[in-house]
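Trainee: mind folding the following:
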Amino acid sequence: MKKLKLKALELGVTELLSREQLKKVFGGVDGSGSGGDCKGDKFEVCKGQAEGTKCCFTYSGTVYSGKCYAFAPDYKIHCSDLN
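Mentor: Okay, the predicted model is just below:
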């Protein structure tokens, strides 16, 4: 595998990625699996989703990504970032 040389890109501090570019970096997932901005808590984003579906949620201003799973003791499906 070839190493990327980021210095060769000569990116300036003022250059920001667009929303579409960020989706490619993060995989463009939300709780529905259809792409989005990861809004909602870890339970909301997995409502109606099958276990193993990719998801992301926001907690205290930080975005976490993972998969929808239901764990003991209550087996309520939620987005788990422990995978």
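
Trainee: lowest-confidence helix or strand of this protein?
Mentor: When each helix and strand of the chain is scored by mean pLDDT, DSSP states H and E, helix 19-26 comes last, with a mean of 66.

Trainee: which elements pack onto the helix or strand hosting C55?
Mentor: Using DSSP states H and E, C55 falls within strand 54-59. The contact analysis (3 or more Cβ pairs under 8 Å, 6 or more residues apart in numbering; DSSP states H and E) places strand 54-59 against strand 62-70, strand 77-80. Placement of C-beta: from N, CA and C, glycine included.

Trainee: dump stretch 70-83 to PDB, restricted to CA.
Mentor: The C-alpha coordinates for stretch 70-83 follow below in PDB (Å, rounded to 0.1, in the frame of the first residue of the first chain):
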ATOM      1  CA  ALA A  70     -29.300  -4.200  21.900                       C
ATOM      2  CA  PHE A  71     -27.300  -5.200  25.000                       C
ATOM      3  CA  ALA A  72     -28.400  -6.600  28.300                       C
ATOM      4  CA  PRO A  73     -30.000  -5.900  30.700                       C
ATOM      5  CA  ASP A  74     -32.900  -4.100  28.900                       C
ATOM      6  CA  TYR A  75     -32.000  -5.000  25.300                       C
ATOM      7  CA  LYS A  76     -33.200  -1.600  24.000                       C
ATOM      8  CA  ILE A  77     -31.600  -1.000  20.600                       C
ATOM      9  CA  HIS A  78     -29.200   1.900  20.500                       C
ATOM     10  CA  CYS A  79     -26.100   3.200  18.600                       C
ATOM     11  CA  SER A  80     -23.100   1.600  20.300                       C
ATOM     12  CA  ASP A  81     -19.700   3.100  19.700                       C
ATOM     13  CA  LEU A  82     -18.000   0.100  21.400                       C
ATOM     14  CA  ASN A  83     -17.700  -2.000  18.200                       C
END
